[in-house]
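> With the sequence up front, the predicted model follows.
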Amino acid sequence: KPFLHRYNARNNETDESIEINSNLPILLSFDFNIKLSCLVGQVSVYDKYIRMIKEFHDDTEAMDIFEYIPHIINYFGIHREYRITGDATANAGSAWTKGNSSGWGIIFNILENMKVNYTPEVPTSNPSHYNTKVICNSLIAMNEDFLISSKDCPITTDDFKKMELDSAGAYNNALAEKKGYGHMGDCGRYFMHVFCYDLWKEYAVLE
């Protein structure tokens, strides 16, 4: 049973790159594991469209966080406006960093040192699998203009089709970890739950 059961590659994927809308901020959604993962997109609540444009998934594990963040920002341009969300577990302090900095603290310090215009939108805790399942599937089903580039987000589109439910109807994270997928899919879940929430509320009222 697919977690994103309303996702349809024929309707929701394009095999071409998606053009950046210069009037909208760049949205970054991170997941933190051994492999660093980030899904980039844009959302217009006014025009009711969702775009997932580019993924950054360091399969080589060659970059640390201090290289990874500038790599992403320099790709899109330091002059742009950014909104940031992702895995809330990175709010926890780490004994491995100076001053017990959290993963998010490190990222925000890098952005500030780069003089990037950004807005942090990291939740204090991760949403439940049930809530993200409801919100993501509602958005995909009701928003007629939901598009992701399979050319530039191949791992994300693959994850969206692989992610499964467990026997309790939640996301089967254990299976995903065992088979080595789902980290870009998690970026997608966080992306929709945070950046598309206002759009989802409009559809929830209509329902």
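Arrived safely, thanks for sending. Numbers count the residues shown, from 1 in each chain.

> Low-confidence stretches in this structure?
Along the chain, segments meeting pLDDT under 70 span 59-62, 90-101, 204-207.

> Where do the helices of it begin and end?
Listed in chain order, the helices of the chain (DSSP state H) span 9-12, 65-76, 103-113, 129-142, 154-162, 173-179, 183-195, 197-206.

> Let me know which of those helices is the nearest to residue 36.
Closest approach to residue 36 among the helices of the chain is made by helix 65-76 (5.1 Å; Cβ to Cβ). Bear in mind the C-beta positions are built from the backbone N, C-alpha and C, glycine included.

> ok, back up a step: quick one: which of the helices of the chain is nearest residue 45?
The closest of the helices of the chain to residue 45 is helix 197-206. By Cβ to Cβ, the value is 5.1 Å.

> Show me how far that closest one is from its chain's centre.
19 Å (Cα atoms, centre = their mean, to the nearest Å).

> Could you figure out how far that helix is turned away from helix 129-142?
Taking axes from the mean of the first three to the mean of the last three Cα atoms, to 10 degrees, one finds helix 197-206 and helix 129-142 inclined to each other by 80 degrees.

> For stretch 155-174, measure first residue to last.
Taking Cα to Cα, to the nearest Å, the first and last residues of stretch 155-174 lie 18 Å apart.

> returning to what we had before: which of the helices of the chain sits most buried?
When the helices of the chain are scored by mean count of other Cβ atoms under 10 Å, the highest mean neighbour count falls to helix 183-195 (a mean of 25).
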